[in-house]
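Visitor: A predicted structure for the sequence below; I have some questions about it.
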Amino acid sequence: MAIIRTFDLTKKFGEFTAVDHLNLSIEEGEIFGLLGPNGAGKTTTLLMLTTVIKPTEGTAYVGEYDITKEPDKARRLVGMAFQEPKLMWVMTPWDVLNWHAKVCGLSSSERKQRVKWALTELGLWEDRHKSVHTFSGGMRKRVEVAKILIQRPKIAIVDEPTTQIDIVGKHRIWNMIRALRDEGSTIILATNELYEADILSDRVAIMHRGKLLVCDSPKKLKDSIVGGDLIELVLEKEAAENTVEELKKIEKVVDVLAIKPNHLRIYLNHAEEVLPQITELFMKARLPIRSIRMSEPSLDDVFAHYTGLTIEEAEKQ
Amino acid sequence: MKLGGIAHLLEYDLRNFFRYKWWIAGMISMNLADLIVMAVVYTNMISPTVAGKYLSYFLFFSPGITITALFAAAFMIGREINREFRRSLSHYLLSLPFSRRELAFGRVLSGGVRGMVYMAPLLATTTFVTWFFTEKLPSPLEMLLVVFALFLVSIGTSGLSITIALSTKSFEKFVTARGVIYYVLFFCSSVFYPLDFIRQLGRDGTLPQPLVFIAEINPLSSGADITRSFLLGYPSFSPLMLLNVALFAAIFVLTATFAYLKIVQE
Ligand SMILES: Nc1ncnc2c1ncn2[C@@H]1O[C@H](COP(=O)(O)OP(=O)(O)O)[C@@H](O)[C@H]1O
Ligand SMILES: [Mg+2]
């Protein structure tokens, strides 16, 4: 069942359209990735869903509540960890998190237990009574994410939760986000990191310039690129012309390029299913294979497929 | 509006207030210096015909200092709210399960409570000092009235500062406006000199009439004079004084609440 549905959700800042007629449906219990380069409109979308800013046009339902008509009720279902940590510089993580938990209605025993757990897991326990202005960017970010992990809202929104965090910390936060989903929260994850979106999300929506490009599971998105998989073969001998022709006849093979007479590049779909057929073909032709390299398309290729740009290029624009 | 939500906002703002340790330490030493050094000096400088009714300038000045402290402490909330909006820290509060009205009114109330909390020790000192020299103590009901009047001044001040803080995104403009307001409200008031004396200067033509008028309607004058009337017995209490602070509170609590509601609806 969809727990969030947006209907032509639009936000303009003056003449500039940051979010442009967005139509999304997010299922209860999934991790929904919102992927796009900086400036794509991810944060603006999330701020509308948390009722922090109002849409210029269109609306969204959070649970059963229309965010433009019953924002107070919609807000109660949502918790957000912001991209820029929202911390008063004089506060300590201990106070920030305890107050947050209290406001979100946790009992004092739940609060004690969860605050301690989150601070410990995120490696902040030792520093819990230091004011956050002495903290590095990564530490502040961890305090911000901890708010949501403690709150366990029905809908947890995390906006670029692991920027500025080291790789060990990233994995820890990813695991905690998964655990939060397993506890019953629906997660919306905004990110411009391909890997993060890919490994964490059940479904990914790719945004560019305020618009939704495409939305599906990471696997289906990657498979949807015709000839997106790649197999590179290096042979012991030169391949005959008719071998190349026969390769091209295999179903799901899109194109074959002979870089050198003994070095072939095969563009195809579902490479893992087709590979046995390909090796068999070379065995029959008595052409020993020296090496095989296989690669899948990434979400970046999906993005490039729709925009003609890599995400990195799009961010430079 | 829910009481729980307002209580959480009060906790938030009070906690933040006590984190400004250096500001508080600085303010308290300034207030004490004002009270002791200036009052002692002025007591010997100021003509007994002016201060006479009050026994000494020191006793007159003490409630004045109390109310300037109240004003400065209650005014601080504006600086924080201005900063919150400039840095989008406000987004955090807006995402929490408060209704917009709870949030708006809660913040104005917080500012007022902070003023009262900061002022409490000074009011106690003033009451004690007055009792020490005059052996007069207000009745509990009178004291309650004083506290109530001061609370109205405090919450009105909080409203005033939030209104100004939200009418500009620039911190410089906020600081400038704050400076002007401090200057006008502190000096065109009965904080430093009795209202009778100011009126006299007006009649003599020494002080322009508009400034006399400001001093008369200034809530700091009314607040200080209500305190004096019950602690020192002079000037005599008039309901108009109370009406004046009530009006000040009503106007600025409303404008601040609406300004806050308007700015959060972006
Ligand atoms: N308050 C604002 N006023 C004007 N422009 C804004 C505001 N907030 C965001 N924008 C613009 O809207 C676009 C989308 O921003 P944002 O939603 O933050 O993107 P993302 O989170 O995908 O990086 C950007 O070009 C940004 O500059
Ligand atoms: Mg963003």
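Guide: That came in fine, so what should we check first? Ligands and ions are numbered 1, 2, ... in the order given.
Visitor: state the distance from the residue positioned nearest the centre of chain A to ligand 1.
Guide: Per C-alpha atoms, centre = their mean, the C-alpha nearest to the average position across chain A is that of A:Ala197, at 2.4 Å. Here the criterion is C-beta to the nearest ligand atom, to the nearest Å. By it, A:Ala197 lies 13 Å from ligand 1. All C-beta atoms are positioned from the backbone trio N, CA, C, and that covers glycine.
Visitor: residue contacts, that residue?
Guide: When contacts are counted by C-beta atoms under 8 Å, 6 or more residues apart in numbering or on different chains, A:Ala197 touches A:33, A:35, A:189, A:191, A:204, A:218, A:299.
Visitor: next one: phi and psi at the nearest residue to B:Leu185 once chain neighbours are set aside?
Guide: Leaving aside its chain neighbours, B:Leu185 sits nearest to B:Leu220 (5.3 Å; criterion: C-beta to C-beta, 6 or more residues apart in numbering or on different chains). Main-chain torsions, B:Leu220, degrees, to the nearest 10: phi -70, psi -40.
Visitor: so B:Leu220 sits against B:Ile67, correct?
Guide: Yes - with contacts counted by C-beta atoms under 8 Å, B:Leu220 reaches B:Ile67, the gap being 5.4 Å.
Visitor: just the pLDDT at residue 154, thanks.
Guide: All of this refers to chain A. Reported pLDDT at A:Lys154 in the predicted model: 97.
Visitor: my question was about chain B, not that one.
Guide: pLDDT, B:Ser154: 98.
Visitor: how about the one 5 residues further on?
Guide: At B:Gly159, the predicted lDDT confidence score is 97.
Visitor: burial count for it?
Guide: By other C-beta atoms under 10 Å in any protein chain shown, 30 other residues sit near B:Gly159.
Visitor: could I get the contacting residues of the residue lying closest to it once chain neighbours are set aside?
Guide: Take B:Gly159 and drop its neighbours on the chain: the residue closest to it by C-beta to C-beta, 6+ apart is B:Phe252, 3.0 Å away. Each residue near B:Phe252 by C-beta under 8 Å, 6+ apart is listed here: B:155-160, B:163.
Visitor: what is the nearest of these to ligand 2?
Guide: When the contacts of B:Phe252 are ranked by distance to ligand 2 (C-beta to the ion), B:Thr163 comes first, at 31.7 Å.
Visitor: which helix or which strand is home to that closest one?
Guide: Taking DSSP states H and E as the definition, B:Thr163 sits inside helix B:140-167.
Visitor: what are the buried residues along that helix?
Guide: Neighbour counts over helix B:140-167 (16 or more other C-beta atoms under 10 Å in any protein chain shown) mark B:143, B:145-147, B:149-166 as buried.
Visitor: now swap in stretch A:132-152 and tell me
Guide: Within stretch A:132-152, the residues scored as buried using 16+ other C-beta under 10 Å are A:132, A:135, A:139-152.
Visitor: what is the distance between stretch B:131-147 and the centre of its chain?
Guide: Here the centre of stretch B:131-147 is set off from its chain's centre by 20 Å, with C-alpha atoms, centre = their mean, to the nearest Å.
Visitor: let me fix that: stretch A:219-228
Guide: Distance, centroid of stretch A:219-228 to centroid of chain: 17 Å (C-alpha atoms, centre = their mean).
Visitor: and that stretch, end to end?
Guide: Across stretch A:219-228, the terminal residues are separated by 12 Å (C-alpha to C-alpha, to the nearest Å).
Visitor: any idea which helix or strand comes after the least confident helix or strand in chain B by mean pLDDT?
Guide: Least confident element among the helices and strands of chain B, by mean pLDDT, DSSP states H and E: helix B:48-51 (a mean of 61). As assigned by DSSP H and E, the chain's next helix or strand after helix B:48-51 is helix B:57-86.
Visitor: give me the angle between that next one and helix B:140-167.
Guide: In terms of direction (axes from the mean of the first three to the mean of the last three C-alpha atoms, to 10 degrees), helix B:57-86 departs from helix B:140-167 by 40 degrees.
Visitor: name the residues of the strand or helix carrying A:Val158 that are buried.
Guide: Using DSSP H and E, A:Val158 sits in strand A:155-159. For strand A:155-159, burial by neighbour count (16+ other C-beta under 10 Å) applies to A:155-159.
Visitor: so between B:Leu220 and B:Ile67, which is more surrounded?
Guide: Per other C-beta under 10 Å, whichever of B:Leu220 and B:Ile67 has more neighbours is B:Ile67, with 33 against 23.
Visitor: who are the neighbours in contact with that one?
Guide: Neighbour list for B:Ile67: B:119, B:150, B:153, B:191, B:220, B:223-224, B:227 [criterion: C-beta under 8 Å, 6+ apart].
Visitor: again, but for A:Leu212
Guide: A:Leu212 is in contact with A:22-24, A:205-206, counting by C-beta under 8 Å, 6+ apart.
Visitor: show me which of those residues are buried.
Guide: Buried among these by 16+ other C-beta under 10 Å: A:22, A:24, A:205-206.
Visitor: sec struct for the residue nearest to B:Gly159, please.
Guide: helix (DSSP: H, G, I helix; E, B strand; the rest coil).
Visitor: next: A:Thr162.
Guide: Following three-state DSSP, we place A:Thr162 in the coil state.
Visitor: correct me, but it touches A:Glu193?
Guide: Yes - using C-beta under 8 Å, A:Thr162 is in contact with A:Glu193, at 7.4 Å.
Visitor: neighbour count winner among those two?
Guide: Taking neighbours as other C-beta under 10 Å, A:Thr162 and A:Glu193 compare with A:Thr162 leading, 24 against 18.
Visitor: and the closest residue in space to the more buried one that isn't next to it in sequence, which helix or strand is it part of?
Guide: Leaving out its chain neighbours, the residue that sits closest to A:Thr162 by C-beta to C-beta, 6+ apart is A:Lys170, at 4.4 Å. Using DSSP H and E, A:Lys170 sits in helix A:167-182.
Visitor: CA atoms of that helix as CSV?
Guide: Output in CSV follows, covering the C-alpha atoms of helix A:167-182 (Å, rounded to 0.1, in the frame of the first residue of the first chain):
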residue,chain,number,x,y,z
ILE,A,167,33.5,4.4,5.1
VAL,A,168,33.2,2.5,8.4
GLY,A,169,30.7,5.0,9.6
LYS,A,170,28.8,4.8,6.3
HIS,A,171,28.3,1.1,6.6
ARG,A,172,27.2,1.4,10.2
ILE,A,173,24.6,4.0,9.3
TRP,A,174,23.4,1.9,6.3
ASN,A,175,22.9,-1.1,8.6
MET,A,176,21.0,1.1,11.1
ILE,A,177,18.8,2.4,8.3
ARG,A,178,18.0,-1.1,7.2
ALA,A,179,17.3,-2.1,10.8
LEU,A,180,14.9,0.9,11.1
ARG,A,181,13.1,-0.4,8.0
ASP,A,182,12.9,-3.8,9.5
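Visitor: name the helices or strands packed onto that helix?
Guide: Contact partners of helix A:167-182 among helices and strands, from 3 or more C-beta pairs under 8 Å, 6 or more residues apart in numbering or on different chains; DSSP states H and E: strand A:31-35, helix A:137-151, strand A:155-159, strand A:186-191, helix A:194-200.
Visitor: what angle separates that helix from strand A:31-35?
Guide: Using the same axes, to 10 degrees: helix A:167-182 against strand A:31-35 is 130 degrees.
Visitor: tell me what angle helix A:167-182 forms with helix A:137-151.
Guide: Using the same axes, to 10 degrees: helix A:167-182 against helix A:137-151 is 20 degrees.
Visitor: which parts of helix A:167-182 are buried?
Guide: By 16+ other C-beta under 10 Å, the buried positions in helix A:167-182 come out as A:169-170, A:172-174, A:176-177, A:180-181.
Visitor: ok, B:Val113 - how many residues close by?
Guide: Neighbours around B:Val113, by other C-beta under 10 Å: 21.
Visitor: circling back to that earlier point, now tabulate the contacts of A:Leu212 in a markdown table and tack on distance to A:Asp223.
Guide: What follows is the contacts of A:Leu212, written out as a markdown table (distance: C-beta to C-beta, whole Å):
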| residue | distance to A:Asp223 |
| --- | --- |
| A:Leu22 | 24 |
| A:Asn23 | 23 |
| A:Leu24 | 21 |
| A:Ala205 | 17 |
| A:Ile206 | 15 |
